[in-house]
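# Got a sequence here, can you build the structure:
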Amino acid sequence: MANKASAEQPASGEKAASRRTPGLGTFALLCVGQVVSLFGTRLSGFAIGVWVFESTGSATSYALIAVATMLPNMLASPWAGPLVDRWNRRWTMILGDSGAGVATLLLAFLVATQRLEVWHIYLTTAMAALFQTFQEPSFSATVPLLIPKRHLGRANGVIESSRAAVFIIGPPAAGVGLQAVGLLGLLAFDVATFLFAVALLLFIRLPRPAPLAEAETAREKTSLWRETLDGWRYIRERPGLMALLGLSFGLNFSFGIVNALLTPLVLTFASPTALGVVLSSASLGMLCGALLMSFWGGPARRVRGILTFVALQGAVLMAGTWRPSVALIAGGAFAFLALNPLILSCSQSLWQSKVAAGVQGRVHALRLAAASLSLGSAFLTAGLLADHVFEPWLAAGGALAPTLGRFIGVGPGRGIASIFVLMGFLMILTVTFARGYRSLVRLEEDLPDAI
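Purely as a prediction, here's the structure:
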């Protein structure tokens, strides 16, 4: 563990970094605290969703929980980024975990006093998401200060593995916990996990990023808006990063479409039990891909790796929904989600190694805002495309029944399947064009490392 001086002085140069970086031990403690907190949030989130649906019987009311989570990320992230770069990142993470814990504690109080209403959940969910908007960029920007560049792929693989494990274990554990201790008990457990994460953050010491080069700090920082624009300008002035951001936006949109329509697709021809098999297979695939990344570390050429994995995802998406088969879709879901941690870890490693430490917070926050916008657009678009366009077109006697229907079939669910096939084709087409874009393909060679 670093001494007090190392926590207070910015790292400068490779020799200084090796002397002052807390390293793997601090990274491990940081990950443990955040994963435990995420596990508690996963449990309470599951229980809250069940309570809302059982109380209202409305799928729209249930979906609004996701909206309450995404809106703060989309609206506040551009402003949170400059603050993350201004503030001490350890204390920013403490603020994020503490604020989310207070929101959960408030919800627990309303449950205990039997005053809970649906709008309370939207409000406290948005409040917790707002504080987490500060926590996530701080955590991501801290990782490259703790881990050598050559091990960033493995480190991000470990993070994705931990998150995948939480997503697998969380729902069944929440189901058991809901029966055993109820909503109030799971909320109390969530508060305890936030306290645990804060206690670890108080215990460890983190290095401060080196200041930006003089050429990049010449613009006077007069406001958060100016600093937000500086983050956007930093990306825009580097065509490779701009292309990577655009590619990530498209991939998040595709992932959002799959996430929104997979459950309706399976339920058009199979039972809820079969849906559970498909979702479990998807979660297992995500865990396997993340574990592979944590041991492998990813390809040496990360951009080429991303493009290859995206093309494979597109092929899987086209083949995995070609027929209404539980085995086929479960296998496709496994492969699709197994590739996702590889893409995310490679992308995250590129951003962490190519973006200067002093601007990591605002750049990562802009990425979060773009991701929230992309996912939100996908969620809103998916239902409209399925219900009002492709399902009618692929119904018996529909506009595409004599043509596309000859290949993928007609009837309930085939319109959703055609959306998946179209998204897979577009992913492969995007990769084909991206391979010809020099600034993206040569990002690693043309843009110097910032760490």
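
# From now on I want contacts and neighbour counts done on CA atoms only, so please keep to that.
Noted.

# Let's see stretch 308-315 as CSV, backbone CA atoms only.
Taking C-alpha atoms only, stretch 308-315 is exported to CSV below (Å, rounded to 0.1, in the frame of the first residue of the first chain):
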residue,chain,number,x,y,z
THR,A,308,-13.4,-9.1,-35.4
PHE,A,309,-15.5,-9.7,-32.3
VAL,A,310,-18.3,-7.4,-33.6
ALA,A,311,-18.4,-9.2,-36.9
LEU,A,312,-18.7,-12.5,-35.1
GLN,A,313,-21.5,-11.0,-32.9
GLY,A,314,-23.3,-10.0,-36.1
ALA,A,315,-23.0,-13.5,-37.6
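
# what mean pLDDT would you report for it?
Throughout stretch 308-315, pLDDT has a mean value of 96.

# go on, stretch 147-155?
Stretch 147-155 shows a mean pLDDT of 83.

# With stretch 342-359 instead?
89.

# so what pLDDT did residue 22 get?
So, for residue 22, pLDDT stands at 48.

# try residue 237
Confidence score, pLDDT, at residue 237: 91.

# Over to residue 130?
The predicted local confidence for residue 130 is 90.

# again with residue 197
Residue 197 is given a pLDDT of 93.

# helices or strands up against the helix or strand hosting it?
Using DSSP states H and E, residue 197 sits within helix 182-203. Contacts defined by 3 or more C-alpha pairs under 8 Å, 6 or more residues apart in numbering; DSSP states H and E place helix 182-203 against helix 24-56, helix 89-112, helix 152-180.

# As CSV, the ones you listed with mean neighbour count would be great.
Below are the helices and strands packed on helix 182-203 laid out as CSV (neighbours: other C-alpha atoms under 10 Å):
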stretch, mean neighbour count
helix 24-56, 19
helix 89-112, 21
helix 152-180, 20
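
# got these as TSV, with distance to residue 406 columns?
What follows is the helices and strands packed on helix 182-203, written out as TSV (distance: least, C-alpha to C-alpha, whole Å):
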stretch	distance to residue 406
helix 24-56	39
helix 89-112	51
helix 152-180	37
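
# which one of those has the lowest average pLDDT?
helix 152-180 (a mean of 81).

# Output the contacting helices and strands for that helix.
helix 24-56, helix 182-203, helix 272-296, helix 326-354.

# chain center to it, what's the gap?
Distance of helix 152-180 from the chain centroid (C-alpha atoms, centre = their mean, to the nearest Å) equals 13 Å.

# export the helices and strands packed on helix 152-180 to CSV and tack on distance to residue 171?
As requested, the helices and strands packed on helix 152-180 are exported to CSV (distance: least, C-alpha to C-alpha, whole Å):
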stretch, distance to residue 171
helix 24-56, 7
helix 182-203, 12
helix 272-296, 10
helix 326-354, 18
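
# For residue 280, see how far away the closest residue to residue 290 other than its chain neighbours is.
Among residues not flanking residue 290 along the chain, residue 161 sits closest, at 4.5 Å (C-alpha to C-alpha, 6 or more residues apart in numbering). Using C-alpha to C-alpha, to the nearest Å, residue 161 is found at 15 Å from residue 280.

# quick one on the thing from earlier: got the contact list for the residue nearest to residue 290?
286, 287, 288, 289, 290, 291, 294 (C-alpha atoms under 8 Å, 6 or more residues apart in numbering).

# State the pair within the residues you listed that is farthest apart.
286 and 294 (12.3 Å; C-alpha to C-alpha).

# Can you pick out the residue with more neighbours from these two?
residue 286 (29 against 24; other C-alpha atoms under 10 Å).

# I figured that one hits residue 342, correct?
No - the criterion here is C-alpha atoms under 8 Å, and residue 286 misses it with residue 342 at 9.4 Å.

# what does stretch 305-314 rub up against?
Counting by C-alpha under 8 Å, 6+ apart, 298-299, 335-336, 339, 342-343, 346-347, 423-428, 431, 434-435 sit against stretch 305-314.
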